[in-house]
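Enquirer: Attaching a predicted model along with its sequence, questions to come.
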Amino acid sequence: AQQEPLLRVVSRTPSNTASSSTRGGTSNSASAPASARGECVMHMSPLVVGWVIGKGGQRIRDMMEESGAKIWIDQESMAADEARVVYVSGKRSSVDSAVRMVKDLVAKAPFAASTAQTPTPNKLDAASDEIAAATSTVLKADSAEEPPSFAAATASAPS
């Protein structure tokens, strides 16, 4: 079973037609490249969607404001464990910036590194069990080697 990447670009379309930006009635198809519109569609793992959106949507709003692009994540037209479809649209430079931000954010997701190995929590539990066992062994060893005067003092101390 091949592990699906956390984020994958599905399509990138520079739309040189000014269909979505025909404000004022004039369609200038020879617009400057910086103002050319574009869009990008990505698939995002459901494991990182919450991280990208942020608490109350703050993180995704910040990315939209900083990049100038519109970012929309469809979470309703697929099963809970299927990749989410992320749509990014706006000026081509804004889309490039937003896509880069989303990629960087997914790379920094706190659980991104551990999602490839699903049994990581079990390994952590086993490791903490080993540490607990080793600690109790050390504590038992230490308590057996306490000075007799200390043991006698604590045994005769009033309760």
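Expert: Received it, and whenever you're ready, just let me know what you need. Remember, predicted model here, so these are calculated numbers, not experimental data.
Enquirer: show me where the protein has strands.
Expert: 7-15, 37-44, 70-74, 84-91 (DSSP state E).
Enquirer: Counting by contacts, list what the longest one packs against.
Expert: Translated: strand 7-15. In terms of contacts (3 or more CB pairs under 8 Å, 6 or more residues apart in numbering; DSSP states H and E), strand 7-15 is packed against strand 37-44, helix 92-107. All C-beta atoms are positioned from the backbone trio N, CA, C, and that covers glycine.
Enquirer: could you point out where this protein is predicted with low confidence?
Expert: For the chain, the stretches with pLDDT under 70 are 1-3, 15-34, 111-159.
Enquirer: Compare the helices and strands packed on strand 7-15 and give me the one nearest residue 55.
Expert: helix 92-107 (13.8 Å; CB to CB).
Enquirer: List every C-alpha atom in the closest one, with coordinates, as PDB.
Expert: What follows is helix 92-107, C-alpha atoms only, in PDB (Å, rounded to 0.1, in the frame of the first residue of the first chain):
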ATOM      1  CA  ARG A  92      -0.400  34.200 -11.100                       C
ATOM      2  CA  SER A  93       2.300  35.600  -8.800                       C
ATOM      3  CA  SER A  94      -0.200  35.400  -5.800                       C
ATOM      4  CA  VAL A  95      -1.100  31.800  -6.600                       C
ATOM      5  CA  ASP A  96       2.600  30.900  -6.800                       C
ATOM      6  CA  SER A  97       3.200  32.600  -3.500                       C
ATOM      7  CA  ALA A  98       0.200  30.900  -1.800                       C
ATOM      8  CA  VAL A  99       1.200  27.500  -3.100                       C
ATOM      9  CA  ARG A 100       4.700  27.900  -1.700                       C
ATOM     10  CA  MET A 101       3.200  29.000   1.600                       C
ATOM     11  CA  VAL A 102       0.900  26.000   1.800                       C
ATOM     12  CA  LYS A 103       3.800  23.600   0.900                       C
ATOM     13  CA  ASP A 104       6.000  25.200   3.600                       C
ATOM     14  CA  LEU A 105       3.300  25.000   6.100                       C
ATOM     15  CA  VAL A 106       2.600  21.300   5.400                       C
ATOM     16  CA  ALA A 107       6.300  20.600   5.600                       C
END
